[in-house]
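Asker: Model the structure of this input:
(4 chains)
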Protein chains: 4
Amino acid sequence: MIVVMKSGTPEGEIARISEELSSWGLKVEKSVGKHKIVLGLVGNTAELDPFRVQELSPWIEQVVRVEQPFKRVSREFRHGEPSEVVVSTPNGFVPFGEHHPLVTIAGPCSVENEEMIVYTAQRVKAAGAKFLRGGAYKPRTSPYAFQGHGESALNLLIAARDATGLGIITEVMDTADLEKVAAVADIVQVGARNMQNFPLLKKVGAQDKPVFLKRGMSATIEEWLMAAEYIMAAGNPNVILCERGIRGFDRQYARNTLDLSVIPVLRSLTHLPIAIDPSHGTGKAEYVPSMAMAAIAAGTDSLMIEVHPNPAKALSDGPQSLTPERFDSLMQELAVVGKAMNRWTK
Amino acid sequence: MIVVMKSGTPEGEIARISEELSSWGLKVEKSVGKHKIVLGLVGNTAELDPFRVQELSPWIEQVVRVEQPFKRVSREFRHGEPSEVVVSTPNGFVPFGEHHPLVTIAGPCSVENEEMIVYTAQRVKAAGAKFLRGGAYKPRTSPYAFQGHGESALNLLIAARDATGLGIITEVMDTADLEKVAAVADIVQVGARNMQNFPLLKKVGAQDKPVFLKRGMSATIEEWLMAAEYIMAAGNPNVILCERGIRGFDRQYARNTLDLSVIPVLRSLTHLPIAIDPSHGTGKAEYVPSMAMAAIAAGTDSLMIEVHPNPAKALSDGPQSLTPERFDSLMQELAVVGKAMNRWTK
Amino acid sequence: MIVVMKSGTPEGEIARISEELSSWGLKVEKSVGKHKIVLGLVGNTAELDPFRVQELSPWIEQVVRVEQPFKRVSREFRHGEPSEVVVSTPNGFVPFGEHHPLVTIAGPCSVENEEMIVYTAQRVKAAGAKFLRGGAYKPRTSPYAFQGHGESALNLLIAARDATGLGIITEVMDTADLEKVAAVADIVQVGARNMQNFPLLKKVGAQDKPVFLKRGMSATIEEWLMAAEYIMAAGNPNVILCERGIRGFDRQYARNTLDLSVIPVLRSLTHLPIAIDPSHGTGKAEYVPSMAMAAIAAGTDSLMIEVHPNPAKALSDGPQSLTPERFDSLMQELAVVGKAMNRWTK
Amino acid sequence: MIVVMKSGTPEGEIARISEELSSWGLKVEKSVGKHKIVLGLVGNTAELDPFRVQELSPWIEQVVRVEQPFKRVSREFRHGEPSEVVVSTPNGFVPFGEHHPLVTIAGPCSVENEEMIVYTAQRVKAAGAKFLRGGAYKPRTSPYAFQGHGESALNLLIAARDATGLGIITEVMDTADLEKVAAVADIVQVGARNMQNFPLLKKVGAQDKPVFLKRGMSATIEEWLMAAEYIMAAGNPNVILCERGIRGFDRQYARNTLDLSVIPVLRSLTHLPIAIDPSHGTGKAEYVPSMAMAAIAAGTDSLMIEVHPNPAKALSDGPQSLTPERFDSLMQELAVVGKAMNRWTK
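Answerer: This is a model prediction of the structure:
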């Protein structure tokens, strides 16, 4: 962090500020120029609020953070190398990462009954998906909307895994449910609305299953990486970052604004694998295919796509779900781009 | 909900759609005009996704929600009358509501130690506040930042209440902590990051203490009211809605965009009391006074203001905290507008 | 501007960068600390893009602007004193500024015919307004919507001024119309959509009438001040800054988000007078009164309010217009707050 | 447009409203259901403000627009067929459109001098571009920044065209300059800041050169299409829509949020060709390649990419410009995806 002093700051004031900053455990390094004096702060500045420093003196012109506030998630933490998150599934280990083929996750928004979840699992597996998504606990805007079947749905996910060998990814919304969810899931999802549910982040960080961390609706890149940092700081290095559309000023056609530029941005900042969810990202099935194509061309490591055997009757998020037939044909279209990008499983 | 059919829709298709909608438990009311046929859906449409109806047929031109999705929080639910949330404190009952004097809540972001919290409580009480705010559990962007003293801080809040008779408002972040927090707090706060933490909303709705529900950073008015609906649907009618600044495109000077227009908007939509937090709303102490003045003139029922004995040394949110001295003088300035508006305690 | 070099940067690289920066006309001031070297750039850095400096070398860790990019509009430019914009009207000089009573501007969105504009002028004058607003040239989203009566409407504004002595404020949208508009207007308005119409800014800056500069829908404070800087740099010091609502993510109830926090923010950054337009700011007549009250309490120097004799028949912006009767009663309500704030004409 | 009446509305009130609406030139079609009465409005409702209808009576529950406000730009206007914009260049006719190969436009932000513009033109032509971009008139946030060489730069663009045969695209900012710009340009660009400069839209609509219409920074899809409607309504059918990044809440890494979902959204709404500008869309050269790849995979008809022989010395927008070398290699990467998508010139 750098503190720029106004010209004409008295020596005594600089001494006072330096002393105060030292008492915070920081090393203060003074650089004297002809017109300005600049104080460089060395130490654990990641947790320091620049505004707090600003308050120290009216002679301070500006305080500037020059460090990233995140550490473990940073690309530098792994010396520029990407990490891979390898997930164990009945069908074998599936690696997520920059040097691996694209991983497709597909399935319905909610687990509705055994027949539909097993059937959907079979269909998405046949089309090439490696993971089945399906919500047992569902975050819904309205208290009167279907809230998910909860614990019983977890058992249906087991049935679907048994039937297909697909890995299971499902969302946890409450710290109290984590144990049950993690017992079933191969990957535990933290949803957009919980991206800054810090008690939950700490708890998923303290267990072993990989975590699929969706970006909050209005989370900055930095806040998102800090949420991942919570998980890593708690001990779990296996985090996948998933963009699912951010809140914008125009929601008339697409429900959210899918921010694909996170792909090159995250690539330069972090070693963690990246996933894109074009289904939530646009909110409308007809926009999903072109955004899935775009995500692959931009370099995503994974795609999460909603598939429902009968979208018009889905208990949640029907409008953004593809039918199994459309998913089949989409996977063939994606293969063309995926192969061109050298990111498709042979 | 209204379904507009494209001109030329075959009779059979309309019959099929009507039948399907009836099977969803809805009454379908057909209105035949010269060019278009319009289907009115009567029944529990609050939980119905318009997109889901749209999917029923390519002959559907548009589906339009004409009902509000919220019920218990709506102004109509109380036949146009405002509700009052009356909170018991050692100093007596304090009512929040449109027909009552403005209630001021003040105190530090975090409870740091007994001396500071008791001293702050005494100062804000002397200045006219009725409630002390203070965080025991703190949501922090960084895992390396001060996370609040937790349970031990709850005891310090008791000490501050004992010393002053002020009511206590403090935040709960995890369903697992609710019992402990509610045992101490006179009002339980749900923070902006948890506005759509649905398990938490259900749990605060199932206990007795009034709930202070902050608006999420990018929550629409409707989503905010639906969050309050969760609490009321779970049995707790005592909800206060607090605007604390929304996320905007310009964060260079003010950290958030304080959306004061929620005051007239909420007034027309809901019976619930309204609070404004200009400290988080702007993120900078120097902007707090004029925004507090504005909130009173716009008709807020309550103000929440951060006060810290030594903002530059605050463990969190120092830059937006007022000193006790500045809070004293501010309360005198607020009294002028408050009296002009007939919202000030005699 | 400050350039922070990565630790370990070779001496030669620093010399090379310094030389390059000098060749751009900047003075480079090197500050050597124990771990980092910081280059301070002195000179005309207002027009320097920090990213352009960043590109100079991979050894540059960060480039930080520590100067404001605006000069003439800055509060420092007038040594901390506010400016006043004094406008000549038939009824006498009317000053806008921090040390003057609040100035109310009122009138219809568009000038529709002589009777309506003269009648409206008489009514708003009687209620206490000092200026009549009324559009001759109207920016409309649709090419099929009423575009204003243009030049002939300018003559009707003259008639309204003759009848009442009120000052006239009207919008210019095209450099080609400026001469005609400025011949009639006492204040020339640049609308939100033209805030970054730089040829227009230069031209209104090169003529004598005061300029009412509305904030662009998604303009940052800095961009807004830079637009004012264009006008001042072209020679016209008489600029009034008007907030009229910014674009947000929730437009279901209020059309725009009225950002009242600009009042304290602008007060600290610029000497220019501030106006608030709650009519466009909310888009709905019923929200206008409380936002007008709030604006006064927050310290605005001026209010612009839409008044139309028959809002339901207005050719544009009817929903946000007050009737003359409502405007009468509103002015009495505003007087209560205005007097409490010592900003009301005796 | 549909007007839903509250239950219990008196017959007389419905008659009064219907009469009023008829006097506006609309045909009113009443549909009587058991609980509600719905009025369908037929006629020129495109220019009707729903709020204005709402104001007619307190018995109106809701007014809903069911028509798109745009006509000529709509896909229906061409019976579902895409249009093609064919541009004459010295090297021959170049068609933009859904059934044609992708068209690449490249070049510097500003025309700086003859050598640089001719050299850049030669390089981008060699790499496969069909058009040269280059600004003569530049919209700049600061009045102190380089404003473009204006008229003299137009002559340099002619030189570059003569040297290479590339088509020229350059921006017009002022109606007063249109004649000069259109005399030189093969395509006239209207920039993001002028997307709602309606006098300019009318004038570019009244001349013959194709128009490249950039999306405004916070323009909704509908507002953007209405801007194109202005041009078409004035007589010019040759409009290309270019997404260049919208304003979002996070500008720390990418300057704007490139909204690639406009590709499927526009495809379903309009027949007009679509272009993507990943250079302005992200603001940083290193993010350009992956976003260009994504745009092709999503189905764009055209790409506009900034190329500068020496980005670090560019007079404007250097940070987002590619070097000619990087552009060469990028075009080869793009060819791989372009061929996979069948959108690459053989």
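Asker: which residues of the stretch 51-200 of chain A score low on pLDDT?
Answerer: Within the stretch 51-200 of chain A, no range satisfies pLDDT under 70.
Asker: Which parts of it are strands?
Answerer: A:60-64, A:85-89, A:92-96, A:103-107, A:131-133, A:167-171, A:187-190 (DSSP state E, counting those that start in this stretch).
Asker: And the third one, what's buried?
Answerer: Of all the residues in strand A:92-96, those buried under the rule 16 or more other CB atoms under 10 Å in any protein chain shown are A:94, A:96. Placement of C-beta: from N, CA and C, glycine included.
Asker: And it, how far out from the chain middle?
Answerer: 18 Å (CA atoms, centre = their mean, to the nearest Å).
Asker: between that strand and strand A:167-171, how many degrees?
Answerer: Angle of strand A:92-96 versus strand A:167-171, following axes from the mean of the first three to the mean of the last three CA atoms, to 10 degrees, is 50 degrees.
Asker: can I get the strands of the stretch 51-200 of chain A in TSV with distance to residue C:165?
Answerer: Converted to TSV, the strands of the stretch 51-200 of chain A look like this (distance: least, CB to CB, whole Å):
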stretch	distance to residue C:165
strand A:60-64	48
strand A:85-89	75
strand A:92-96	74
strand A:103-107	71
strand A:131-133	70
strand A:167-171	67
strand A:187-190	65
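Asker: Surely residue A:336 is in contact with residue D:339?
Answerer: No: Residue A:336 lies out of contact with residue D:339 (CB atoms under 8 Å); the separation is 9.9 Å.
Asker: Show me chain A divided up by domain.
Answerer: A:2-64, A:75-340 (automatic domain parsing).
Asker: what's the most buried one of those?
Answerer: domain A:75-340 (a mean of 22; mean count of other CB atoms under 10 Å in any protein chain shown).
Asker: tell me which element residue A:275 is part of?
Answerer: Assigned by DSSP states H and E, residue A:275 belongs to strand A:274-276.
Asker: ok, now how distant is the spatially most central residue of chain A from residue C:280?
Answerer: The centroid of chain A falls nearest to residue A:241 when counting by CA atoms, centre = their mean (2.8 Å). Distance, residue A:241 to residue C:280, by CB to CB, to the nearest Å: 40 Å.
Asker: Same check on residue A:177?
Answerer: 47 Å.
Asker: Ok, residue A:244 next?
Answerer: In terms of CB to CB, residue A:244 sits 34 Å off from residue C:280.
Asker: returning to that earlier point: could you say which one of the strands of the stretch 51-200 of chain A comes nearest to residue A:302?
Answerer: strand A:103-107 (4.4 Å; CB to CB).
Asker: Is chain D within reach of that closest one?
Answerer: No: interface with chain D: strand A:103-107 contributes nothing (CB under 8 Å from any CB of the partner chain), its closest point being 15.7 Å away.
Asker: likewise stretch A:68-77?
Answerer: No: Stretch A:68-77 stays clear of chain D (CB under 8 Å from any CB), getting no nearer than 10.4 Å.
Asker: What lies in contact with that stretch?
Answerer: A:46-47, A:222, A:225-226, A:228-229, A:232-233, A:237, A:239, A:268-272, B:141-142 (CB atoms under 8 Å, 6 or more residues apart in numbering or on different chains).
Asker: Now do the strands in the stretch 201-346 of chain A.
Answerer: A:211-214, A:239-243, A:274-276, A:302-306.
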